[in-house]
Every structure is written in structure tokens, then in C-alpha cells.
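Asker: just need the structure, nothing else, for what follows:
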Amino acid sequence: MTARFRKLLDDLAETFWLVPALLILLGIGIAFQAIAIDRGTIVPGWLRDEWLYTGGATGARTLLGAIASSTIGVAGTVFSIMIAALSLAAGQMGPRLLRNFTRDRGNQVTLGVFLATFCYALIVLRSVRTPAEGEFVPHLATTIGIVLAFLSVANLVYFVGHMSGRINVDTVISLVSEDVQAMIGSLTREGSQPAPPPQSFWRHAVPITDPRQGYLVQLDENGLATWACEHGTAVHLLVRPGDYVFPGAPIAIATHPCDGIEEAIRNAAALSPQQVTSADLRFAIRQLVEVAVRALSPGINDPHTAITVLGRLGAALCEIQPVKLQTGVRIKDGKPSLVVPHLRYGELVGAMFDMIRQNATNAPPVLIRMIEVLTQVVSRERDPDRSDCIRKQADLVLEDAERSIRTPSDLDAIRSHHRVFTAILENGPLGRFRV
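Answerer: Okay, the predicted model is just below:
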């Protein structure tokens, strides 16, 4: 249930309609409250005469009608601009980045303010009465409507500047990089992590299947580990957050079969038809990589964007240096009760650089920048296993360059940067001065 609740919260955070709906309800509530205040004797006469709307019922109706018609018209324009920006982003940066636009609070608040002002004006408009109808002019409510109209104008100015900045590719890269950094913080720990049990530990394990299908987006590891410990078994999941679960395929193995284990795993694992950034570091990285790969396509041909992405990826690897990736092992009562396959450092490096390297075989500036980024990372990384993963990636860059680059000067530049990388790997940051 914890996993399902977290999935519900993530779904609500990802939805586009929630904030506008709340603002609309707020606008309607303020309208009824302002009308109630106008019907009473709370508003003093001096305030009404000097600061509030003092016109008649006809003027109030005309004013509120103009506010309602103009705000709903501008709301349609805002929505059209947003759709155009989404189409541009999908074509140049990839459809998976559309979620970053729809969940943007600035876009949601902008549309919500216009719709809330429209609903507010309608609610107040229905309360206005001419002398023939039994005169009632909501002075306070009409004044609030004027204030909301000015707020909508300011909001429109904000939206134009906000949206023009959001469709900038550097801004998009920065936003996705923030998601990568947040995921790295949740998947890393300081200090050593418990080692997984040997393969012989699972020698007599039995498979557990799941009839559902979808991406594993939330996993209550602590709850499942506690359940397994209480029932005298150990569970090894065969999928990790971000993996696709196939219907009827084994989702886990257990050392001892016990009643209710299938239901316990289903309750601890929440599935979704779509991948989400908050559950899978690889998906967040793939969004950055997709921006770089699309930039390297012949239709766009923008190597500078790929170079920018490489810088962000290198910064993410540098942030991992002082911490350890989780092993996914949960210990209860001194024994392993749950093992979840987690992302390893070599997989992380491959997810960051493989596709970019494969698509940049004819782009020497990108290959050179890739080696430069790997050089910066290895100058800080002192773990031998991690350094070996980085070296393999740098060697692959050199091999691809020697196979595809035909210009001698470009190939010499790549080899020169690779020699600097090797010197720093073997002798530390000062190794560059020994080349």
C-alpha cells in the first residue's frame, strides 16, 4: 500500500489539471465569500465610497462580462501557445521531454489564474441585480474582479517570458539534469553497503510470477523485506524500478514458498503503463541522451547541444564519486531478507555515453569533448573498479574514431586527448604535465 500511495502522489504531481482545478475552486470560493460580505454590513461605507467599485448594476455587469470574455479568450491563446511549444519540443528534443512542460508549475498556474478569473467573474455576474430586479451591486466582489483582471495581465506577461525560456534547449537540459541529480541522491549512500548473498544462497529458490504488466515505478523495499523476514523467507526480485514487468513472467524468487507471497509482492510493487523520472535513474539519463542524439541527427546537426549534455553527464558522475551506489540488499535480523537489483556503475557510464558515442562517429568535436569529460571524471575518481569502467569508455571512443574519422588532424587531436586521459588515469591530476 505504501508503494501504491507513493505512486498516487507521483501521478498527482505529474498531472497538468490539478493546479488549475484547485485555482478554479479557489476563485469560486472567493466569489461566494465576497458576495456574502457584500450582502452583509461588514464593509464600512467610507471604504465602499473611496476604494471600492461605486458604479451601478449595469456598469458592474458590463465590467464583469468584459473580464469573463477576455480572460477565457486569453486562456485559449495561452493553451495554443503551449501546444505549439510542446510540438516544437517533441520535434527537436524528443517526446519524452513533454512531461517536463506539462508538469511545469508556471504553465499550470498561468492557465489556472485565467480560468479562475473567468469562473470568478461568472459567479459574481449572476448575483448582480438592477433596480427592476431588486437592486444589488456587489461592490467588493466587483473590485476583486478588477484586481484579478490586472493580475491576469501581469500573469500573461510572465507566461510569455517563462515559455520562451522553457523552450530553450539549455533550460531543458538543466531541468532534466536536476532530475538526474535528485535521483542520484536517492540511489546513493555514504559508507559501505551490505554485499549480496552468494549464488548458492538461491539454489533451491522457487519463482514467483505476476499476472500484471507495466513499468515498475514504485517499490516498498522496507515493507517487503519486513514481510519476508516475518515469514521466514528471503526474496530476490528479478526486476528493478524502471524495468518492464511482463504478464505471467517470474518477477522474483523466494528461498522458501509461503502463503501470500504473491500478494505481498503485488502490494509492494506499483506498476504504471509509463516510465517516470522519479523511479528510474536510467530513464532520466536517457532523456538527456536523447536530446544529444537528436542534436547529432542530420536533420538538426547541432553538436553544441550534444557537448552541453556531455558536460552535465560528467558533472553527475563527479557527484557520485564520494558516495556508493546501493547494492539493493536488505538485512533483517542479521540475514538477507530482500535483494533488489540496482544500477551498477558500469551500467551507469554505459547509459550515459554509449548512444552518444555511437551517433557521434562523424563528429570529432563531440568525441573530443567526450574524452575531455571522461578525463575530468577520472581525475577525481580513485576507485579502481570505477576508473576501469571510465577507461573502457574512453578506449571505445578512440576505437570508434580510428575506425570512422578520415581527417588526420582530427584523428591526431582525439589521440592526443586520449593520451592525456591515460596519463591522468595512471598518475593523477598532475599526469597531464607528463604528456
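Asker: show me how far stretch 283-300 is from its chain's centre.
Answerer: 16 Å (Cα atoms, centre = their mean, to the nearest Å).
Asker: ignore what I typed, I meant stretch 266-274.
Answerer: 18 Å.
Asker: between the two ends of that stretch, how far is it?
Answerer: 18 Å (Cα to Cα, to the nearest Å).
Asker: contacts for it next, please.
Answerer: 1-4, 6-7, 11, 210, 212-221, 223-224, 227, 245, 251 (Cβ atoms under 8 Å, 6 or more residues apart in numbering). Placement of C-beta: from N, CA and C, glycine included.
Asker: so which of those belong to helices?
Answerer: 2, 3, 4, 6, 7, 11, 221, 223, 224, 227 (DSSP state H).
Asker: right, and the second one touches residue 218 too?
Answerer: Put plainly, it is residue 3. Yes - the criterion here is Cβ atoms under 8 Å, and residue 3 meets it with residue 218 at 4.1 Å.
Asker: still on that earlier bit, which among the contacts of stretch 266-274 end up buried?
Answerer: 2-4, 6-7, 210, 214-221, 223-224, 227, 245, 251 (16 or more other Cβ atoms under 10 Å).
Asker: so residue 192 makes contact with residue 324?
Answerer: Yes - counting by Cβ under 8 Å, residue 192 does reach residue 324; the two are 6.8 Å apart.
Asker: the more surrounded of the two?
Answerer: Each of residue 192 and residue 324 has its neighbours counted (other Cβ atoms under 10 Å); residue 324 has more, 15 against 8.
Asker: quick check on the more buried one: phi, psi?
Answerer: phi -120, psi 140 (degrees, to the nearest 10).
Asker: what pLDDT is listed against it?
Answerer: Confidence at residue 324, expressed as pLDDT, is 86.
Asker: touching, it and residue 194? I think so.
Answerer: No - using Cβ under 8 Å, residue 324 is not in contact with residue 194, being 11.0 Å away.
Asker: who touches both of the two?
Answerer: Common neighbours of residue 324 and residue 194 (Cβ under 8 Å, 6+ apart) do not exist.
Asker: ok, residue 264 - contacts?
Answerer: So residue 264 contacts 224, 227, 228 (Cβ under 8 Å, 6+ apart).
Asker: among these, which one lies nearest to residue 381?
Answerer: residue 224 (33.2 Å; Cβ to Cβ).
Asker: now the longest helix belonging to the chain, how far from the chain's geometric center?
Answerer: Longest helix in the chain by number of residues (criterion: DSSP H): helix 57-93. In terms of Cα atoms, centre = their mean, the centre of helix 57-93 is set 27 Å apart from its chain centre.
Asker: next SSE downstream of that helix?
Answerer: helix 98-102 (DSSP states H and E).
Asker: mind listing what's buried in the next helix or strand after that following helix?
Answerer: For helix 98-102, the succeeding helix or strand toward the C-terminus, using DSSP H and E, is helix 105-125. Using 16+ other Cβ under 10 Å as the test for burial, helix 105-125 gives 106-125.
Asker: returning to that earlier point: just want the angle from the longest helix of the chain to helix 105-125.
Answerer: 160 degrees (axes from the mean of the first three to the mean of the last three Cα atoms, to 10 degrees).
Asker: buried ones in helix 57-93?
Answerer: 57, 60-61, 63-64, 67-68, 70-72, 74-75, 78, 81-82, 85-86, 89, 92-93.
Asker: confirm for me that residue 52 is in contact with residue 138.
Answerer: No - Residue 52 is beyond contact range of residue 138, at 9.6 Å (criterion: Cβ under 8 Å).
Asker: ok, these two, which is more surrounded?
Answerer: Legend: neighbour count by other Cβ under 10 Å for residue 52 and residue 138, higher for residue 138 (26 against 17).
Asker: residue contacts, the more buried one?
Answerer: Contacts of residue 138 (Cβ under 8 Å, 6+ apart): 34, 35, 38, 60, 124, 127, 128.
Asker: let's see 7 Å
Answerer: 34, 35, 38, 124, 127, 128 (Cβ atoms under 7 Å, 6 or more residues apart in numbering).
Asker: what's the answer for residue 336, then?
Answerer: Applying Cβ under 7 Å, 6+ apart, the residues near residue 336 are 197, 234, 329.
Asker: okay, the residues you listed in a markdown table with secondary structure next?
Answerer: Below are the contacts of residue 336 laid out as a markdown table (DSSP: H, G, I helix; E, B strand; the rest coil):
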| residue | secondary structure |
| --- | --- |
| 197 | coil |
| 234 | coil |
| 329 | strand |
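Asker: ranking those residues by neighbours, who comes first?
Answerer: residue 234 (23 neighbours).
Asker: show me the shaky parts of this structure.
Answerer: 1, 43-50, 90, 92-98, 277-279, 431, 434-435 (pLDDT under 70).
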